[in-house]
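Peer 1: Output the structure for:
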Amino acid sequence: MAEAAGLAFGGVGLVALLDTAMSTFDKIDAAKSYGKDYQKLALKAYFLRLRLSRWAEALQLVDKAADEPCYYNPAGVPLDDQSKQVGAPATGGPLNETEYDNVRQLLGQIGSDIERTKRYAERYDQIKTGGQVTTQDQRELDMIDKLISKVNSLALKRQKGTSISRKALWAVRDGGKFRNLLEQIDESLTDLEKIFPDATKAKQRQVRDELVKTDAEELVRPSGIEEPADDGQATMAVLAEATTGVDALLQEAIKKAVPGDDLKNRFESEVVMIENVRLSQGLEVMSGYVGPTNVGRTSVFSGSMKGSGNARIFQGEYYGSKRVFDD
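Peer 2: So this is what the prediction gives:
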């Protein structure tokens, strides 16, 4: 009888704890008025939430169906057909008692760590950035703000209907305490990510890796509005900085999601160079460029040309701002 009660409480409890942990991130104010240094720390916090959402999705802990899945299995025995019908995870392999207790503790810890920062926020005035903001600073603030919206959208989609209240916002103006908070959450997340039932660990890690790839592709996808090429470089720089120390898997996936130098080119032309002529052939994708390319398509360049003096000859395709070939 006690075991049955535990089963019923277990499934609901974990989903509720996840909702609480996810929701507390939204209390961190990310207003542009606090300046880009603060905003970058807030972006790191939201990347941690995105990472938490991937872990939960891989464990299927985001199911908000009426019959919520039960994850608690104190004996660690295989589920029978009857238990599967009442909402066991589709991947199988429920958490044993130790795993279940650890998940509860770590999810609760994440929420508590964020809630505790409120007292730090109350000790420091929410001083808004003074002086005139340069055009470059404003562009960077706008860019970070867009990334925050993108990251939050990806995470909240996985909560399947959870409504987040934005009434109680606070800003941790003390950079050191904010960084300590990020380190504490990262530590809890690292421990959470180790908790996958042995029977399904490989499958759940595969799901997580697929989600990482999807998130990376969404983050580097152009917004649909044509932007200067240097904006793409700045965006990639911010993404690299924001994921450092909080999401190594996503950081690596973002690098792979950016078009690389793998266009299959064939050069069938004759090039004659005299004196100081410089020749460049191939596909050049400048660092940070995230727009469309012809990557993966075979291109053929033919014909003949002759250069002399200080001429420069380029054959191929080029994307981005100033090239290495330029000086």
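
Peer 1: So what touches the helix or strand harbouring Asn180?
Peer 2: For Asn180, the element it lies in under DSSP states H and E is helix 175-193. Under the criterion CB atoms under 8 Å, 6 or more residues apart in numbering, residues 37-38, 41, 44-45, 48, 51-52, 55, 102-103, 106-107, 109-110, 113-114, 117, 120, 172, 208, 245-246 lie in contact with helix 175-193. For every residue, glycine as well, the C-beta is placed using N, CA and C.

Peer 1: let's see 6 Å
Peer 2: Residues outside helix 175-193 that contact it (CB atoms under 6 Å, 6 or more residues apart in numbering): 41, 44, 48, 51, 55, 106, 109-110, 113, 117, 120, 172, 246.

Peer 1: For whichever helix or strand Leu107 is part of, buried residues please.
Peer 2: The secondary structure element spanning Leu107 is helix 97-123 (assigned by DSSP H and E). Along helix 97-123, the positions that meet the burial threshold by neighbour count (16 or more other CB atoms under 10 Å) are 99-100, 102-104, 106-107, 109-111, 113-114, 117, 120-121.

Peer 1: nearest to Asp26, of the residues you listed?
Peer 2: Ile114 (9.6 Å; CB to CB).

Peer 1: Leaving out sequence neighbours, find the closest residue to that closest one.
Peer 2: With CB to CB, 6 or more residues apart in numbering as the criterion, Ile114 has its nearest non-adjacent residue at 4.1 Å, and that residue is Thr24.

Peer 1: Which pLDDT value goes with that neighbour?
Peer 2: For Thr24, the pLDDT comes out at 87.

Peer 1: One more: Asp326?
Peer 2: According to the per-residue confidence, Asp326 scores 62 in pLDDT.

Peer 1: go on, Asp113?
Peer 2: Taken from the predicted model, the pLDDT recorded for Asp113 is 89.

Peer 1: how close does it sit to Leu154?
Peer 2: Distance of Asp113 to Leu154, given as CB to CB, to the nearest Å: 22 Å.

Peer 1: And the helices in this protein, which stretches?
Peer 2: Listed in chain order, the helices of the chain (DSSP state H) span residues 2-25, 36-58, 81-85, 97-123, 135-157, 175-193, 201-220, 229-243, 248-257.

Peer 1: Any idea which of those gets closest to Gly307?
Peer 2: If you check each of these against Gly307 by CB to CB, helix 229-243 wins as the nearest, at 26.6 Å.

Peer 1: Would you mind measuring from Ser33 to Asp174?
Peer 2: Counting by CB to CB, the gap from Ser33 to Asp174 is 17 Å.

Peer 1: Now for the residue lying closest to Leu239 once chain neighbours are set aside, how many residues are close by?
Peer 2: Beyond its immediate neighbours in the sequence, the residue positioned closest to Leu239 (CB to CB, 6+ apart) is Ile254, lying 5.5 Å away. Summarising burial for Ile254: neighbours were counted as other CB atoms under 10 Å, giving 23.

Peer 1: Surely Ile254 touches Asp215?
Peer 2: No: taking contact to mean CB atoms under 6 Å, the distance of 8.6 Å between Ile254 and Asp215 leaves them out of contact.

Peer 1: returning to what we had before: right, so the helices of the chain: which one is the most enclosed?
Peer 2: Scoring the helices of the chain by mean neighbour count under mean count of other CB atoms under 10 Å gives helix 36-58 as the most buried, with a mean of 22.

Peer 1: mind exporting that helix as PDB, just the C-alpha atoms?
Peer 2: The C-alpha trace of helix 36-58 is given here as PDB (Å, rounded to 0.1, in the frame of the first residue of the first chain):
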ATOM      1  CA  LYS A  36      25.600  44.100 -21.500                       C
ATOM      2  CA  ASP A  37      27.800  42.600 -18.800                       C
ATOM      3  CA  TYR A  38      24.800  41.800 -16.700                       C
ATOM      4  CA  GLN A  39      22.800  40.800 -19.700                       C
ATOM      5  CA  LYS A  40      25.400  38.300 -20.800                       C
ATOM      6  CA  LEU A  41      25.300  36.600 -17.300                       C
ATOM      7  CA  ALA A  42      21.500  36.400 -17.600                       C
ATOM      8  CA  LEU A  43      21.900  34.800 -21.000                       C
ATOM      9  CA  LYS A  44      24.200  32.200 -19.400                       C
ATOM     10  CA  ALA A  45      21.500  31.500 -16.800                       C
ATOM     11  CA  TYR A  46      18.900  30.900 -19.600                       C
ATOM     12  CA  PHE A  47      21.300  28.600 -21.400                       C
ATOM     13  CA  LEU A  48      21.400  26.500 -18.200                       C
ATOM     14  CA  ARG A  49      17.600  26.300 -18.300                       C
ATOM     15  CA  LEU A  50      17.800  25.100 -21.900                       C
ATOM     16  CA  ARG A  51      20.200  22.400 -20.800                       C
ATOM     17  CA  LEU A  52      17.800  21.400 -18.000                       C
ATOM     18  CA  SER A  53      15.000  21.200 -20.500                       C
ATOM     19  CA  ARG A  54      17.000  18.800 -22.700                       C
ATOM     20  CA  TRP A  55      17.700  16.500 -19.800                       C
ATOM     21  CA  ALA A  56      14.100  16.400 -18.800                       C
ATOM     22  CA  GLU A  57      12.900  15.700 -22.400                       C
ATOM     23  CA  ALA A  58      15.400  12.900 -22.700                       C
END
